[in-house]
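J.: Kindly return the folded structure for what I paste below:
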Amino acid sequence: FKKIKPKILIKINDEIIKGQELFFDKNNPNIKFISTENGIISNIIFGERKKLERIEIKIKENNKFIEFTKIKDEEIETIDNKIVVKDLINSGLFKYIVSFPDFEEIKEINENKKIIKNFYLSLFENQPLLENDINYILEKENNLTLLIKGLKIIQKISENIVVFYNENNKRIENIIEKIQKEIKNIKIKKIENIYPSSNFKLQYLYNNNKILNNKKTECNSICYYKLIETGFLFEYGKILNTKYYSISGSGAENKKYVKAPFGINIKEIINEVKQKPNSTIITGGLFIGEKIEENDFLDHETINIQIIKKEEKKIPFTFIRFQNQYLTKTKAWTNNLIKKEKIYEAIDDQNGEQRSCIQCNFCNDICPAKIFPSLLAKASIIKDIEKMESLNIYNCVECGLCTFICPSKIEICRLIKNGKILIKNIG
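T.: Purely as a prediction, here's the structure:
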């Protein structure tokens, strides 16, 4: 909980029920964190400078839960927006509506108006080597029905809705047809399957041909699975506390979807796929994900888990690249002899440590937002806000391509994120 200043409402040994508020953000009381289980608070763990790290709950099986408003499909059009917004906030789902540029949460709530101007929904994920078949999830149980209901709820508080999907996914076209049949006045866009085209921020920039020069929110989005949770909330009047996790990667014996509770210990899920020795666990994908330890717990936003092998052997003469099984953008003569498409195996070895920028311009060439990541990273290091703004930091979509392509192993995307945090904190 790095980005919030929590006001904790519970203490150790308190008995809690599903849907109960545990804490909220003092800077924005609309950002609430809710228990997804019944049980007893067994521990409240703080990190450095009293930063809240996690709350541990000893689960106690019972049927108690906080009740929310049930809304029938035919009532959605006429239901008071005030009820919708109130339940989205009190259920903790409101905080998952993210903004672009990502500097402002929705703070001023006017129940009589549409509080979202542009809402973008991505129905595919195309990070390389990531197993995330949205079709599989939406075809399970009544998830598609719940997603459609969740989208109808979001439409209540949004002026414009755009849904985009992968043009190579024929199976999802049936899903798109059902969405169009059930929901009127939304735009559907078919998108080329090249990473990071599934990024809603990038789609907004491309669709509107915009260059953003201030912190003002231009559009919002939410993960498709949070839409399923939204539909569940208003269908059954209670929060959903389980979801399907996608587990894949070179460090897993097999690929699998596992249905499990929110906030589960990572070990309990990894056991389902038989983790190989000497491997690293990453949540969120190789480009924008984070490393997680085996004794950690999954956050409520995680859907994808990748296990990748650790490379133990060192390759001699890596600057010459005698072997062609490792991805490189370097114009080494051995790689230029073979021109073909190849699927590369993901490993966690970087072949070296971070070095100084060599001005190769790879990050600037590959940036889909057409900004200059190398210059932004340097401006972030020296905390030059005016320079960062002149370099259009507000247009960064945080796809991670700049970091991935950097031959000097510089964490460019992280440096740019730090610059954004600096701008946000200064106000």
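J.: Tell me which helix or strand comes right after the helix or strand of the chain with the lowest mean pLDDT.
T.: Ranking every helix and strand in the chain by mean pLDDT, DSSP states H and E puts helix 333-336 at the bottom, with a mean of 52. Sequence-wise, the next helix or strand downstream of helix 333-336 (DSSP states H and E) is helix 362-366.
J.: Buried residues, that following helix. List them.
T.: By 16 or more other Cβ atoms under 10 Å, the buried positions in helix 362-366 come out as 362, 363, 364. No exception for glycine: its C-beta is placed from N, CA and C like everyone else's.
J.: And for stretch 37-47?
T.: Applying a neighbour-count criterion of 16+ other Cβ under 10 Å, the buried positions in stretch 37-47 are 37, 38, 39, 41, 44.
J.: tell me the mean pLDDT over that stretch?
T.: For stretch 37-47, mean pLDDT is 93.
J.: ditto for stretch 236-249
T.: Mean pLDDT, stretch 236-249: 93.
J.: ok, back up a step: next, format the buried residues of helix 362-366 as JSON lines and append distance to residue 160 and pLDDT.
T.: Listed next are the buried residues of helix 362-366 as JSON lines, based on distance: Cβ to Cβ, whole Å; pLDDT from 0 to 100:
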{"residue": "362", "distance to residue 160": "36", "pLDDT": "94"}
{"residue": "363", "distance to residue 160": "33", "pLDDT": "95"}
{"residue": "364", "distance to residue 160": "32", "pLDDT": "95"}
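J.: now, which of the buried residues of stretch 37-47 lie within strands?
T.: Of the buried residues of stretch 37-47, the ones assigned to strands by DSSP state E are 39, 41, 44.
J.: Looks like residue 90 contacts residue 24 (just checking).
T.: No. With contacts counted by Cβ atoms under 8 Å, residue 90 stays clear of residue 24, the gap being 10.3 Å.
J.: Report the set of residues contacting both of the two.
T.: Taking Cβ atoms under 8 Å, 6 or more residues apart in numbering as the contact criterion, the residues that touch both residue 90 and residue 24 are residue 32.
J.: Which of these two has more residues huddled nearby?
T.: residue 24 (22 against 19; other Cβ atoms under 10 Å).
J.: Am I right that that one sits in a strand?
T.: Yes. Judged by DSSP: H, G, I helix; E, B strand; the rest coil, residue 24 forms part of a strand.
J.: Apart from its neighbours in sequence, what residue is nearest it?
T.: Using Cβ to Cβ, 6 or more residues apart in numbering and skipping the chain neighbours, the partner closest in space to residue 24 is residue 32 (4.6 Å).
J.: Just the CA coordinates for stretch 48-66, please, in PDB.
T.: Extracted C-alpha coordinates of stretch 48-66, given in PDB (Å, rounded to 0.1, in the frame of the first residue of the first chain):
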ATOM      1  CA  GLU A  48       9.700   1.100   7.000                       C
ATOM      2  CA  ARG A  49       8.400   4.400   8.300                       C
ATOM      3  CA  LYS A  50       5.200   2.800   9.500                       C
ATOM      4  CA  LYS A  51       4.000   2.000   6.000                       C
ATOM      5  CA  LEU A  52       1.200  -0.600   6.100                       C
ATOM      6  CA  GLU A  53       2.400  -3.700   4.300                       C
ATOM      7  CA  ARG A  54      -0.400  -6.200   4.900                       C
ATOM      8  CA  ILE A  55      -3.200  -7.400   7.100                       C
ATOM      9  CA  GLU A  56      -3.400 -11.100   7.900                       C
ATOM     10  CA  ILE A  57      -6.800 -12.800   8.500                       C
ATOM     11  CA  LYS A  58      -7.300 -16.100  10.100                       C
ATOM     12  CA  ILE A  59     -10.300 -17.400   8.100                       C
ATOM     13  CA  LYS A  60     -13.400 -18.400  10.000                       C
ATOM     14  CA  GLU A  61     -16.100 -20.200   7.900                       C
ATOM     15  CA  ASN A  62     -19.600 -18.700   8.200                       C
ATOM     16  CA  ASN A  63     -22.200 -17.200   6.000                       C
ATOM     17  CA  LYS A  64     -22.100 -13.600   7.300                       C
ATOM     18  CA  PHE A  65     -21.400 -10.700   4.900                       C
ATOM     19  CA  ILE A  66     -22.100  -7.000   4.400                       C
END
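J.: Next, the residues that contact that stretch from outside, please.
T.: So stretch 48-66 is contacted by 1-2, 6, 8, 10, 15-20, 22-23, 35, 37-47, 238-239, 297 (Cβ under 8 Å, 6+ apart).
J.: One more pass at 6 Å, please.
T.: Stretch 48-66 is contacted from outside by 1, 6, 17-20, 22, 37-40, 42-47, 238, using Cβ atoms under 6 Å, 6 or more residues apart in numbering.
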